[in-house]
Structures are given as structure tokens and as C-alpha cells.
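Undergrad: just to be clear, the model below is a prediction. Sequence and coordinates:
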Amino acid sequence: MSIAEIFNSMSYGPAPESETAARNWLAAHKGKFGLFIDGGWTKPRSNSWFESQNPARGEKLADIAAANDKDVGAAVAAARAAQKDWLAVGGHGRARHLYGLARTLQRNARLLAVLEALDNGKPLRETRDIDIPLVARHFYHHAGWAQLQEQEFAGFEPMGVIGQIIPWNFPLLMLAWKIAPAIAGGNTVVLKPAEYTSLTALCFAEICKDAGLPPGVVNIITGDGTTGDALVRHPDVDKIAFTGSTEVGRHIRKVTAGSGKHLTLELGGKSPFIVFDDADLDSAVEGVVDAIWFNQGEVCCAGSRLLVQEGIFDKLISKLRARMENLRLGDPLDKSIDMGAIVAPVQLAAIKNLVKKGTDEGAEIWQPSWAVPKEGCFYPPTLFTNVAPAATIAQEEIFGPVIVAMTFRTPDEAIRIANNTRYGLAASVWSENINLALDVAPKLDCGVVWINSTNLFDAACGFGGNRESGYGREGGHEGMLEVIKPKFLAKLPDYQTAAKAPGKRDATPSPLVSLDRTAKLYIGGKQARPDSGYSLPVFSAKDVKIGEVGDGNRKDIRNAVEAAGKAVGWTTTSSHARAQVLYYIAENLDARKDEFAKRLVETTGVTSKKALAEVDASIRRLFSYGAWADKYESRVHSPPMRGVTLAMKEAIGTLGIICPDENPLLSLISLAAPALAMGNRIVLVASETHPLSATDFYQVLETSDVPGGVFNIITGNRDLLARTLAEHDDVKSVWYFGPKSGSELVEAASAGNMKRTWVNNGKARNWFDMEQGEGREFLRHSTQIKNIWIPYGD
Ligand code: NAD
């Protein structure tokens, strides 16, 4: 090309990055990698290997060990052996190690950037300017949390050994998101990278060695889903942190149910990119480029559904097509390309398959006129219009450079379409009217919202989703709370059921109650007969039949969930108003103190003094959550940009709460009050053995201005009701406090819509104890955090 021609076209020439450092590193390992266990390289016991390929050229890069369950066992054993000493190093000691890792990562930034581009196919421009700087930032930031741990997280301890499984789209960045918080918190880890992209994780292993990290703190094992499965099932792993597809996440939820393993799941998405008619359209077009063509669209939070206000649709689409025509796709190591290669042939085939489905279903496809390279795994940027909201390509995650565009008329319609998906990871909102953008953001059911921006990430800000995008947050203060746990949990005694063998019971009526009155269920603010028409006997502590309660069934749960679903006013009302109702409940309970105490004496056999103490503690607790209602405040994160990130603590929605037998009044209040204070609506299953405190309680609710549907009470068979709640798609979270088997049942049944769970794993709490029975742990389970990014300036 002549200089005149270059000036005429103003197009970039090739600007290839040198591969030498990465090739030398591969050669130093003779192109073959073992497993990194206990601070050194070991040959896999499986004696099995697989190839890692460069998807842009279809060439083999290295042979990677395929770990089997014995290898997984060795890695977990090394992590377990190292954990005590790692904790003993202390917060400052760990901070120094993380700082050292961050420095070593920065020194090797170029090698890592090239290696990542070779192995994954993503553009070097992105690995160099986004992935690797964020990796280092993650270790710096978490060095800080390690340093501050003793003050900021007093009363917490590490989970122990954490098994971590990551996908291939941001190999080193996902590793950093997982490893930095975990080891900062005093845990040791076994991490498995995705089978297509193991190389930077193996290079990181070497960096750990060079940086002097004690052996066993970080163990890297490679392999496919079989290796991941062995890690998930290993009995000596305390927590699994998984990022990947919803399908595998669901499988992991089922496999770990009842094991006591803590679980965080960062899963798939189908995130909306909403453009209002007053948006700066040129900025929005650049936003779309970053939303869906960054990393070839292989981004969990990619803005893959473009929702455009009707009046500007044609204009935006024509600007977008012009921009697409100018995108450059090619060799990932060429510094002037916008898009690189798709990670592997199988992913390319999956993209093509879904695109074909889109055209088969009648959507209109548009691709730029230029052709993609014939060799290697490439796919062009693709735009679909004329897409129905229910079309496969509007609902399924494509995980490639394909965006579907739809229109909306009003903000309400935009929100409805945006939320019309089983996922709930992220959203991007474009409008020059900040009032409108900030009004829309809280109404989007997802974990991250970017205002006039997209795909922003930082170590200080939590990231994670709602619904089938998983649960848990990674990054920032909220992310640290996913790798540590309250110390008292390890010391809790086993749960004891209060039920006695039926044979010993005396069915003579008690003089205290009249048997013609069966306590009803409480649904939608009204007393309701159970659908079954049956009731269950209730016995006193002396085994005398003292009454009956409704035998609730699936239908009753469904009615209660429906009533709770309609009571959205409770969530949108002010926290002050909710506090007033909680205080009013306390006041009315106080007025009937003696009656409630008498009931406790009768049903649980405690002394009058103890019963009165339980009622008093319940009243105090209601006051506490009246107080907390407007004091469990959101945070403002400060990522390194001109702007803020609001970490909003939001209500979760409809919660199912299964109460224990211990202290039937106090435990009920301890669980219900925080959920209500934070704006959730609840369906509460009363203690199976002592349900009368709960059924007496609805008389208090009736006189306390609690709106109908906010607080529903069901009595009956605990496990049947728990299962129904856990399986119900409109229930967003289930709390279970009962026998151990119930924890397993609830966790397994929750996998349907990937709802959150909080279970007691067969342990009993002392509900009088301030640490075990009240406070931030309860409030944390009552809320989900949404990070709203608001950049400043033009
Ligand atoms: P994947 O679920 O197929 O694999 C992810 C990881 O899980 C890999 O390491 C894989 O080997 C392992 N794995 C597979 N089967 C397993 C099993 N039965 N037990 C244990 N581990 C198993 O996902 P992928 O194709 O590698 O990644 C793409 C998916 O990841 C997309 O759905 C994407 O949205 C999601 N993702 C989510 C986030 C997030 O933060 N929410 C981030 C990146 C990617």
C-alpha cells in the first residue's frame, strides 16, 4: 500500500505483538504441564493429558494434565494441610503476600497478556489493557482486605478449603476474582481452570512460587468437567465457588445439597441494553460495541438484548450498522483489531446453531460486508432485528458476538421486557435524563446496572446475579463476606426435634383451650381454612392434646405465595413506614404478653419466668428490626473512575421461612422480623411441633396494620411445605431451620429456579444470644446487593 493510499483510507496496518516471551515460557516447560499441588509441579496420577489449542490458528500450544479424583484428593489434602498456618500468618502477613503477588503479576504483565490472547483467542488489546490490569488490581485491593480483616470482619473466620471452578472467557481474571478474596480471608484453594484455557492459570501457579507464597495455599489442577465434578464432590472441601453455565451450576447445587458446603454461583445471562430516546446515540453505539463485541461477546454480562425506544430505533440501527462495518476482526495478537477468535470450534458451532435458529424463527439478520478469516474460529459481529421477545435468540444465551434488537414505547414496557428472562445478571441504561435512569435501575431484576456505560468492573465493587444467573457476589466488601463465616457457627450443637413419639400421648382435652376451634392458616391478611380440610392435633409439653391446626398443603402454599406476590407495596414503601409497623407489632405483642407466655409454658414446658423472658426477647427483637429498617444502609463503592458505584441493599422478594421447634415464638420473630424490615414478603411455616405460638400471632398481626399478604402463616408437615416452597418459581429465597435432612431437601429442590437458600445444616441456635439470633447475618440474608455504576461528566 502506498503512502497516498494509506492517507486515503486511513485504515490501520497490521501491528503484531511479539509472541517470543510466551513461546519461550511454553518451551521452558517443554510444552507439557503437570498439576500444581503443594507448591510444586506433579505428574498427574491419572497419567492422562489433553491438548490446549490456539483457536485463531488451530495450532496446538501445549499438553495439559487431566486430573482424576486421586489428583483432586491430593490437591485438597495439600490445601487442608496448609490452611492452619496460612491463617496463623495473620492479616498483615497475608496482605504482604497478596501485595507481592500483585507486584509479580505486574512484572509479568506482557507475558500473561500474550499467553492469554494465544490460548483464548481474545484480542491482545483487551488482555493487555483490561484483563491483566484488573487481575493486578484485584490482588492489590484484596491485600487491603487482608490487612483490615481483624478490624473489619471481627467475629468471622475463614471457610477453610475452597474449591473453585472457572470458565474460559476471562481465564486469568476469573482466577483473580476467585483466588484473591479467598486467600485474603485466610482460606486455601484448589482451582480448576476451564479445559480450553489453562495456560495463564499455570503461569500464575509459577508466579505464586516465585512470589514466595507458602506451598499448598494455592493449588491448580487442570481437566474438564469430570475433574470439576470430583472437586465439587470431595468431602473435605468447605465451599465451592463456581463461575460457568447455569446448567452446570444447577448440577452443582444438586450435588452439594445437604453437604454443608457453602456455595456461590456466577452463571449465565441475557442482559438488556436499554436505550431511551433522549440518549446520546453516538455514545450508545460505542456502548453497544463494548457490550456485545468486547471479548467476541463471550461475556456473561454481555448486553445481548438491545431494547430501543421506538422513535429512535431506525436511526440507532443505521448508526450501529455503519459502526459494525468498521469493526476489525482478525489475529488476536494484532494490536489494532477489535475482535479476535471464538474460543473453540465447539463454541463456534453453538453460536452458528443459535443464529440459524434465529433466522428459522423469522428474525432478520445483518452482518458487515467484509469476510472473516477462513482459517481459525472466527465469527462476525451480528445484529438481529424483527425479533419477538419470546424468540429463542431473545431468551437463550448465545455467548458470542450476536445482539438482538427490539423496541419499547414507555419506561414501564422497557422494564417489563428487560425482566422477561430467566436470567438476572446485568443491565445497561442509556438516557441523558439521570432521574429516569435512576428510576429504572432499581426496577431491573439483576445484580449490576451500568448507567450510560457498560461492562465496567472493579475489585471494589460486587459482581453477581439474581435468579438463574446465580447468587453470591464477588468483589468488594460484599465479596469478602462470601469467603468467611461467623465463628460461632462451628460451635453450634445439633438440632433436636421437639416432637415426641405419638404412642405416649394422652388425647384428653386440656382445660386451657376449647377443642372446637381449629387454628386456621393465615393467608393474604385473612384466616383461611386449609385446602385439605384436615387438621392436625397439637400436644402440650405434658403430651395432652391442646388444640388443632390446619394441615396445610401445596395449594395453601401456592395461595400464600400468590398473596405475597401481590403485596409489593410493602417492598416499595419507605423503610420508616415498615419500622412503624414492626414497632406496632411489638406494642401489640406486649399488650398480650401473659397470654403468649402461658402458651409457651403449656406447649414447651418452660417455667413462667422463662416463657416471659422469651416473650420479652421477642418484643426487643421486633424493636431491633424496627430500628434496623432504616439503618442497614447501602454502601457507595469508589472504583478508580470519575463516578460512584452504589451497592444498593434491596429486598429479595417473596421469602419462604421454615421455623425451628426451639423457642417457637422467639425463633419465629427472629426470622420474620429482619425479612420484613428489609421489605420482603414472607410465607412462614410454623414450628411443626409447637405451631400455636404462630397461629396466636396472627391475631397480633391483624391489629398491627400489617398489609394483607406481607406475612402469611402456614401450619402442617414441615418437609412437605418446605419442599413446595423450595420448588416454587415465585419464591426467591428459602430459609430452613429444622432437622438436617430438611436442609438437603431444600437445597436440592431450590435448583429449579436457582433460588437462594439459607439452611441450618442440622444445627440449633440459641435464639436468645445476640450474635446467634439477631443482627447483620439476618439482614444480609434478607437483602441482595445491586451495584449501580454512575460515571460522572460528559
Ligand atoms: P461451563 O459451565 O461449561 O464450564 C465452566 C467450568 O465448569 C469449566 O471449568 C468446566 O470444566 C467446569 N465443569 C463442567 N462440567 C462440570 C461439572 N459437572 N462439575 C463441575 N465442573 C464442571 O461454562 P463455560 O462454557 O466454560 O462458560 C460459559 C458460561 O459461563 C456462560 O454461561 C457464561 O455466562 C458463564 N459465565 C458467567 C460469569 C459470571 O460471573 N456470572 C462469568 C463468566 C462466564
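TA: Okay, I see it.

Undergrad: going by C-alpha atoms from here, please, whenever you check contacts or count neighbours.
TA: Noted.

Undergrad: who in the protein is up against the ligand?
TA: 165-168, 193-195, 224-225, 228-229, 243-246, 248, 266-269, 299-300, 464 (Cα under 6 Å from any ligand atom).

Undergrad: wait, A136 touches L98, no?
TA: No. With contacts counted by Cα atoms under 8 Å, A136 stays clear of L98, the gap being 9.7 Å.

Undergrad: quick one: which of the two has more around it?
TA: L98 (29 against 23; other Cα atoms under 10 Å).

Undergrad: pull the contacting residues for the more buried one.
TA: For L98, the contacting residues are 139-140, 142-143, 180, 184, by Cα atoms under 8 Å, 6 or more residues apart in numbering.

Undergrad: from these, which is closest to S46?
TA: A180 (29.0 Å; Cα to Cα).

Undergrad: which residues touch S532?
TA: S532 neighbours (Cα under 8 Å, 6+ apart): 551-553.

Undergrad: hang on, it in a strand?
TA: No. Read with DSSP: H, G, I helix; E, B strand; the rest coil, S532 is coil and lies in no strand.

Undergrad: begin at 51, not 1, for the rest of this chat.
TA: In the new numbering, first residue 51, that becomes S582.

Undergrad: how near is it to D601?
TA: Using Cα to Cα, to the nearest Å, S582 is found at 7 Å from D601.

Undergrad: buried residues in stretch 201-210?
TA: 203, 206-210 (16 or more other Cα atoms under 10 Å).

Undergrad: reformat the residues you listed as JSON lines; add pLDDT.
TA: Below are the buried residues of stretch 201-210 laid out as JSON lines (pLDDT from 0 to 100):
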{"residue": "F203", "pLDDT": "98"}
{"residue": "F206", "pLDDT": "98"}
{"residue": "E207", "pLDDT": "98"}
{"residue": "P208", "pLDDT": "98"}
{"residue": "M209", "pLDDT": "98"}
{"residue": "G210", "pLDDT": "98"}
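
Undergrad: pick out the most distant pair among the residues you listed.
TA: F203 and G210 (15.8 Å).

Undergrad: need the nearest residue in space to D384, chain neighbours excluded.
TA: Distance criterion Cα to Cα, 6 or more residues apart in numbering; nearest residue to D384, sequence neighbours excluded, is P66 at 4.2 Å.

Undergrad: just the pLDDT for that neighbour.
TA: Here the pLDDT value assigned to P66 is 90.

Undergrad: before we move on, what about A549?
TA: Taking A549 on its own, its pLDDT is 72.

Undergrad: same thing with P559?
TA: pLDDT, P559: 46.

Undergrad: cool, the one 4 residues further on as well?
TA: The per-residue pLDDT reported for V563 equals 44.

Undergrad: again, but for the one 5 residues further on
TA: At T568, the pLDDT value in this model is 84.

Undergrad: contacting residues for it?
TA: So T568 contacts 585, 597-600 (Cα under 8 Å, 6+ apart).

Undergrad: how close does it get to F254?
TA: 65 Å.

Undergrad: quick one on the thing from earlier: tell me which of the contacts of T568 fall in strands.
TA: 585, 597-600 (DSSP state E).

Undergrad: could I get the contacts of L148 as JSON lines with distance to W99?
TA: Listed next are these as JSON lines, based on distance: Cα to Cα, whole Å:
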{"residue": "F189", "distance to W99": "31"}
{"residue": "Y190", "distance to W99": "34"}
{"residue": "H192", "distance to W99": "34"}
{"residue": "A193", "distance to W99": "35"}
{"residue": "A230", "distance to W99": "28"}
{"residue": "A234", "distance to W99": "32"}
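
Undergrad: farthest pair in those residues?
TA: Maximum distance among the contacts of L148 (Cα to Cα): 10.4 Å, for Y190 and A234.

Undergrad: which one's more surrounded, the two?
TA: Of the pair Y190 and A234, A234 is the one with more neighbours under other Cα under 10 Å, namely 33 against 21.

Undergrad: look up the closest residue to that one, ignoring the ones flanking it.
TA: In space, A234 is closest to A196, 4.7 Å off (Cα to Cα, 6+ apart).

Undergrad: wait, that neighbour touches H147, no?
TA: No. Applying Cα under 8 Å, one finds A196 not in contact with H147, separated by 9.7 Å.

Undergrad: neighbour count: these two, which is higher?
TA: A196 (28 against 23).

Undergrad: ok, now which ones touch the more buried one?
TA: Here A196 is in contact with 141-142, 144-145, 234-235 (Cα under 8 Å, 6+ apart).

Undergrad: got the phi and psi for it?
TA: The phi/psi pair for A196 (degrees, to the nearest 10) reads phi -60, psi -50.

Undergrad: contact partners for E652?
TA: By Cα under 8 Å, 6+ apart, the neighbours of E652 are 590-591.

Undergrad: repeat that for 10 Å
TA: Contacts for E652 were tallied using Cα atoms under 10 Å, 6 or more residues apart in numbering; they are 560, 562, 589-594, 596, 646, 658, 661, 740.

Undergrad: closest to L111 out of these?
TA: Using Cα to Cα, those come closest to L111 at H740, 64.8 Å.

Undergrad: hmm, T653 and the closest one touching each other?
TA: Yes. The pair H740 and T653 qualifies as a contact (Cα atoms under 10 Å) at a distance of 6.3 Å.

Undergrad: buried set for the helix or strand E645 falls within?
TA: Taking DSSP states H and E as the definition, E645 sits inside helix 643-654. Neighbour counts over helix 643-654 (16+ other Cα under 10 Å) mark 643, 646-654 as buried.

Undergrad: next SSE after it?
TA: Scanning onward from helix 643-654 (DSSP H and E), the first element met is helix 658-678.

Undergrad: packing partners of the helix or strand following that next one?
TA: Using DSSP H and E, the helix or strand that follows helix 658-678 towards the C-terminus is strand 685-687. On a contact count with 3 or more Cα pairs under 10 Å, 6 or more residues apart in numbering; DSSP states H and E, strand 685-687 meets helix 526-530, strand 693-701, strand 833-841.

Undergrad: for those, which one ends up most surrounded?
TA: Across the helices and strands packed on strand 685-687, averaging neighbours per residue (mean count of other Cα atoms under 10 Å) puts strand 833-841 on top, at a mean of 24.
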